[in-house]
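Asker: I would like to see how this sequence folds:
(2 chains)
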Amino acid sequence: MRMGLGRRYAVYLSAFTLASITLALAAAGVIAFRQANILQSQIRAAVSTVQSTNEEERLRGTAQYLAGRLFNPLFGLDVERIDEEIAQVRRWLPIRDFLVTDPGHFIITDGTDAKLSFGDALDGVWPSADSGALLVTDAGGRRQVRFAIQSGGTLAGFAAVTFAEDPAQVGLRRIDEETSNLWARHRTSLLGLFLGALTLILLLGAATSAWLSRSLSRPLADMSQAAAAFSKGQHDHPLPTDSHDELGELARALRKMSEDVRNHEGALRDETARLRRAEAERSELMADLGRKNAELERFTYTVSHDLKGPLVTIQGFAGMVMADLGANVPKQVKNDLGRITAAAEKMQHLLTDLLELSRVGRIVNPVEVVSFSEIVADTVELLQGQLREKDVEVSVTPDLPRVRVDRKRMVEVLQNLLENAVKFGMPDRTPRVEIGLLRTEEHTFFVRDNGLGIDPAYTERIFNIFEKLDPKAEGTGVGLSLVMRIIEAHGGRVWSDSAGVGTGTTFFFTLGPSCWPGSDAATTS
Amino acid sequence: MANEPDRMLRVYADLLDELRKRLVPRNVRVAPLVIAQDVADLARKVKHADVDMVVETAFATFALEDQSEHGVTPRLAIVRRNQRTYHTVFFTRKDSPVQKLEDLRGRTIVLQADRSTSAYAVPKAEIGRRGIRLVLAGQVAQSKASAFYLFAGAELNQAVWVLNGKGDAGAFNEIDWASLPAKMRAGLRIFHETPPLLRGLLSFRTGLDARTKAICEEVLLGLDKDPTGRAALDKAAGVTRMELLTSKDVADLAAWRVTLKGASR
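Answerer: This next block holds a predicted model:
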């Protein structure tokens, strides 16, 4: 659950207040508890001292009290009342036996219902009948007090009281109980006070914390809302900029930033519109260019295809003329017919290459995933005769990668490049061709030879159609144009590199991303 | 009547509540419990119709009948602690020459208090039936045939006094005799016992209408039939149940009435 700034501050302040007050009250409680324990111990010690020093006097006082209580009922032989008195005394003194006798020391009652000792003579030493006479004896390890029950010189009888335990200890225990009860009540009061104070302080603390946090967090919350509104483009959202403190400065900075953003957004919108217009124009131009290229390709195809017919006619009729003339053909005519036939053949080659070049943009072969090593092998196999004739050494980098290409066209690329290497070899050296791959960021295939090389000034011109650096060389000058068209159709590019004449030439070419297996795009040729 | 009105109010409170629960639905209003100071006070309350129902001993009921000019009529016997009747026993020291009531002439009998039925009224009547007049000890006897009496205040004291020679004989009911400490009882001897007397009586004010009386009787007789009623009865000084007086009860009561009246003269 997301907790707002104000609520979080309130919780922090409340928790801090609660912890502080709790600690303070707990400390006060501990002090009070220790003081109460000390006080209880001191009271106990004081009472113990007083009781032990005045025991004789205390017992005498007790005996006199009991004698005073028992005289009337004993004198009147009111046993029921004597029993009631004994029961009363048993409630506050630890009495084991309480025997009341007549003046002849015969037991009248022992305070019990059964009265098992009724009528028995109680032996032993007895005090005199004087008022206040007291005899403390030991009865089976317990203290026994014997005293006369008399008043005004009249003796009603005697009493023998055996204590179950030291009355002083009972007194101390009673004091302990009383002080413990007192302390328990005190503790309850303290706890009540503690809880009451805690509740009150918690309420006050929570209210204060809420008020403080609101006053602190409200401007921040306003600015947070304003920032959120600005991010949605609502730059008119109000901000508390009239405050003269740091928050006011922050609000003003936020306002200025908002205005800057609004200005930049306007400029960005204008630029975006301009770019969109330019993109539309470019697209239109590209489409127009595409249409014109297509038209040009159709034209080239039509011209090259349609011109082939008349050319065949010319070649045919030139041959027929040569046959009609037979052996009597004048030398000059024979030479002329030979030139017509040679020109027609040359034109035939030109038209064939031109037709092939136009097909690169129109005829589409299915693409397949194939190892480039296989494509190289196909090409070398195709040119096996030429290579053997010229004794060309071909070396191929092993394990060339798999590619997704128009296999037939890719063989044509290597075929043209290899034929060039064979065609333009140095007469004094064994032709060598190396086919491989530079595993750089953009994988680049290369075909390197040790042939004539190319003047660096012509490394780009050689890709133009019908461009021949050596007019006497074989071919029509379409081969490298064809290579460029095929590579470009595969999304790649081709270029050549040579240090100059006699240094050999290296042709490099790349393939587009769609030609690498794993890509979904298709390649066309 | 009671010496401790607060205790009586307390022990009879549940019984009163129980009666209220059972009588009010039958259109009988239950008034608060009344504790009288003495028979005269109770007789006044009966005459003024402040009281409709009285629970008392037989002796007090007879006195009330006299003083209220037959303002009450006993209807139910009260059984306490499963005991419907009791009787008075006369005892003396084992070594005493007293063998019969007539031997008490010129001697002193220790009684409990003048409010007691079994330990005063009945013994006094039983002795009086033999032509022996009882005189409070310390007073001058009108004839040599008189006997003297003392009040010891409690049954236990009566026994002790007899054993210690303050009196020659004592009298109380057989239940108190049974509850005496065995050692005391061993020093005493019973020399006479009276016929049984009902332990308690419930009487209605004579003028109370018959319907109300009948409903009250029905409810009172049914109290011991369920747990709450039994608990309320038990709390009321150990009442076990109430029973309708039989014709024999009525005849015995009439005989006792004559006896006690004779004794009071």
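Asker: can you list the weak-confidence ranges in the stretch 1-150 of chain B?
Answerer: Under the criterion pLDDT under 70, the flagged ranges of the stretch 1-150 of chain B are B:1-3, B:141-142.
Asker: try 50
Answerer: In the prediction, the stretch 1-150 of chain B carries no residues with pLDDT under 50.
Asker: State which one residue of it is found closest to chain A.
Answerer: Sorted by distance to chain A under CB to the nearest CB, the residues of the stretch 1-150 of chain B start with B:V110, at 9.9 Å. Placement of C-beta: from N, CA and C, glycine included.
Asker: Up against chain A, what does the stretch 101-250 of chain B have?
Answerer: Residues of the stretch 101-250 of chain B lying near chain A by CB under 8 Å from any CB of the partner chain: B:152-154, B:156-157, B:160-161, B:163-164, B:166, B:181-184, B:187.
Asker: Tell me the residues on the stretch 251-400 of chain A that lie near chain B, please.
Answerer: Checking the stretch 251-400 of chain A against chain B by CB under 8 Å from any CB, there are no hits.
Asker: can you pull out the helices in the chain?
Answerer: All of this is about chain A. For chain A, the helices defined by DSSP state H cover A:5-53, A:55-75, A:79-92, A:167-231, A:246-325, A:331-362, A:372-382, A:384-389, A:407-423, A:479-489.
Asker: actually chain B
Answerer: Assignment of helices within chain B using DSSP H yields the ranges B:5-23, B:39-47, B:58-67, B:122-128, B:155-164, B:174-179, B:182-186, B:210-222, B:227-235, B:247-264.
Asker: Same list as before, the ones you listed that is, but in TSV and with mean neighbour count included.
Answerer: As requested, the helices of chain B are exported to TSV (neighbours: other CB atoms under 10 Å in any protein chain shown):
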stretch	mean neighbour count
helix B:5-23	16
helix B:39-47	19
helix B:58-67	22
helix B:122-128	24
helix B:155-164	24
helix B:174-179	16
helix B:182-186	14
helix B:210-222	16
helix B:227-235	17
helix B:247-264	15
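Asker: Please convert those to JSON lines, extending it with distance to A:D123.
Answerer: As requested, these are arranged in JSON lines below (distance: least, CB to CB, whole Å):
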{"stretch": "helix B:5-23", "distance to A:D123": "42"}
{"stretch": "helix B:39-47", "distance to A:D123": "51"}
{"stretch": "helix B:58-67", "distance to A:D123": "46"}
{"stretch": "helix B:122-128", "distance to A:D123": "39"}
{"stretch": "helix B:155-164", "distance to A:D123": "20"}
{"stretch": "helix B:174-179", "distance to A:D123": "30"}
{"stretch": "helix B:182-186", "distance to A:D123": "18"}
{"stretch": "helix B:210-222", "distance to A:D123": "58"}
{"stretch": "helix B:227-235", "distance to A:D123": "46"}
{"stretch": "helix B:247-264", "distance to A:D123": "47"}
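Asker: Now tell me what touches stretch A:245-256 from outside.
Answerer: Taking contacts as CB atoms under 8 Å, 6 or more residues apart in numbering or on different chains, the residues outside stretch A:245-256 that touch it are A:219-220, A:222-223, A:226-227, A:230, A:239-243.
Asker: Can you flag the buried ones in those residues?
Answerer: Applying a neighbour-count criterion of 16 or more other CB atoms under 10 Å in any protein chain shown, the buried members of these are A:219-220, A:222-223, A:226, A:230, A:239-241.
Asker: now, which of the residues you listed sits nearest A:R81?
Answerer: Among the buried ones among the contacts of stretch A:245-256, A:L220 lies closest to A:R81 (CB to CB), at 86.7 Å.
Asker: so who does the closest residue to A:A159 other than its chain neighbours touch?
Answerer: Computed as CB to CB, 6 or more residues apart in numbering or on different chains, the closest residue to A:A159 that is not its neighbour in sequence is A:V100, at 5.2 Å. Under the criterion of CB under 8 Å, 6+ apart, the contact list for A:V100 reads A:70, A:74, A:82, A:86, A:107-111, A:149, A:157-159.
Asker: from the stretch 151-300 of chain A, which residue is nearest to chain B?
Answerer: Distances from the stretch 151-300 of chain A to chain B, computed as CB to the nearest CB, single out A:G157 as the nearest residue at 11.0 Å.
Asker: beta partners for that residue?
Answerer: In this entry, A:G157 is beta-bridged to A:I149, by DSSP bridges.
Asker: dump the residue contacts of it.
Answerer: Neighbour list for A:G157: A:70, A:74, A:100-103, A:108, A:148-149 [criterion: CB under 8 Å, 6+ apart].
Asker: Repeat that for B:L180.
Answerer: For B:L180, the residues meeting the contact criterion (CB under 8 Å, 6+ apart) are B:155-156, B:159, B:188.
Asker: Which residue is it, in the stretch 301-450 of chain A, that comes closest to chain B?
Answerer: A:V369 (100.5 Å).
Asker: Wait, A:V321 touches A:G338, no?
Answerer: No - using CB atoms under 8 Å, A:V321 is not in contact with A:G338; the gap is 11.3 Å.
Asker: Between those two, point out the one with more neighbours.
Answerer: The residue with the greater number of neighbours, taking A:V321 and A:G338 and applying other CB atoms under 10 Å in any protein chain shown, is A:V321; the counts read 15 against 12.
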